[in-house]
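> Make a model of this:
(one chain, ligands or ions: 1)
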Amino acid sequence: MTKLLEVRGLHAAYGPTRVLQGIDLDVAQGEVVALLGANGAGKTTTLRALCQMMVSTQGSITLAGQRIDGRATEQIAKAGVGHVPDGRGTFLGLTTEENLRLGAYARASRTGAEADMERIYGYFPRLKERRAQQAGTLSGGEQQMLAIGRALMGKPRLLLLDEPSFGLAPLIVKDIFSIMRRINQEEGVSILLVEQNAKLALALASTAYLIETGRIVLSGPSAEIRSNDAVRRAYLGE
Ligand code: ATP
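Below is the predicted model:
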């Protein structure tokens, strides 16, 4: 499989607080990869480090053969990395459609943005119904859909998803995960998924990494990780 993302020796710190201690991680073209770990392990920080947001980093981050570490966050977005941050990053005072349009600023080229918006509405019909509604009036699930839709408007090759299930009812989560699977399969967008719900994450991803206190302690095919005793006890509640 062709490598899309290659991360080597990634360190990240908030000022003097060192969080990541040398992470190696790969995402192949078209692959879904899950990053699992307990609260505070460094999952969110890994995604922030990949888009050079809020943290200082060391190590190399290569996207489709080009080094992107050290570039500005918006350049990384233009290079093809879409980030759906924790807390979703939606502009609550703007409408659904205005939020989607803002996502288009991350594109390398504006061509095709309108057609992409229609395709995104195809994945998320509820967003289309609520296109003129202020984002602040949307339900939590709809806001999560909007955050994913907005990142897709940037035409990413790689989508970084931070806890898409957070605070949502199980049925909505199921819905969002099945749409993410379609987006991966139909659009060929690769996904790096941070998720507390390890069962869901392992069902979607083909490869998983386990992070503990800023270090990768286990990685492999999802089926292997799922049958690991320590993972079953600590993350799958078995
Ligand atoms: P969670 O699921 O709780 O978000 P996580 O694995 O995503 O966990 P991170 O949010 O990456 O963990 O946090 C890793 C460590 O970095 C924690 O010890 C946290 O307190 C610290 N940290 C996170 N954000 C900041 C910040 N802005 N400034 C200083 N320290 C931070």
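> pLDDT (mean, whole number) over the helix or strand where residue 176 lies?
Using DSSP states H and E, residue 176 sits within helix 170-187. Per-residue pLDDT over helix 170-187 has a mean of 95.
> Ok, stretch 214-222 next?
Mean predicted confidence for stretch 214-222 is 97.
> Okay, buried residues for it please.
For stretch 214-222, the neighbour count (16 or more other C-beta atoms under 10 Å) marks 214, 216, 218-219, 222 as buried. Glycine gets a C-beta too; all of them are placed from N, C-alpha and C.
> closest to the ligand among the residues you listed?
Lowest distance from the ligand to those (C-beta to the nearest ligand atom) belongs to residue 214, with 7.3 Å.
> Could you dump the buried residues of stretch 214-222 into CSV with distance to residue 48 added?
Below are the buried residues of stretch 214-222 laid out as CSV (distance: C-beta to C-beta, whole Å):
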residue, distance to residue 48
214, 13
216, 17
218, 22
219, 20
222, 24
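> which of those lies closest to residue 88?
Checking those against residue 88 by C-beta to C-beta gives residue 214 as the nearest, at 24.7 Å.
> who's in contact with the closest one?
Contact analysis of residue 214 by C-beta atoms under 8 Å, 6 or more residues apart in numbering lists 18-21, 23, 41-42, 45.
> about what we covered before: got the CA coordinates for the helix holding residue 176 in CSV?
Extracted in CSV, the C-alpha atoms of helix 170-187 (Å, rounded to 0.1, in the frame of the first residue of the first chain):
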residue,chain,number,x,y,z
PRO,A,170,-25.4,5.8,20.4
LEU,A,171,-27.8,5.9,17.4
ILE,A,172,-26.4,9.2,16.1
VAL,A,173,-22.8,7.8,16.6
LYS,A,174,-23.7,4.7,14.5
ASP,A,175,-25.0,7.0,11.8
ILE,A,176,-21.9,9.2,11.8
PHE,A,177,-19.6,6.2,11.7
SER,A,178,-21.4,4.6,8.8
ILE,A,179,-21.2,7.9,6.9
MET,A,180,-17.4,8.1,7.7
ARG,A,181,-17.0,4.6,6.2
ARG,A,182,-18.8,5.7,3.0
ILE,A,183,-16.7,8.9,2.8
ASN,A,184,-13.6,6.7,3.1
GLN,A,185,-14.7,4.2,0.5
GLU,A,186,-16.4,6.5,-2.0
GLU,A,187,-14.1,9.5,-1.8
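> can you list the residues that contact it?
Contacts for helix 170-187 (C-beta under 8 Å, 6+ apart): 30, 32, 123-124, 139-141, 144-145, 148, 152, 159, 161, 164-165, 168, 189-191, 193, 197, 200, 203-204.
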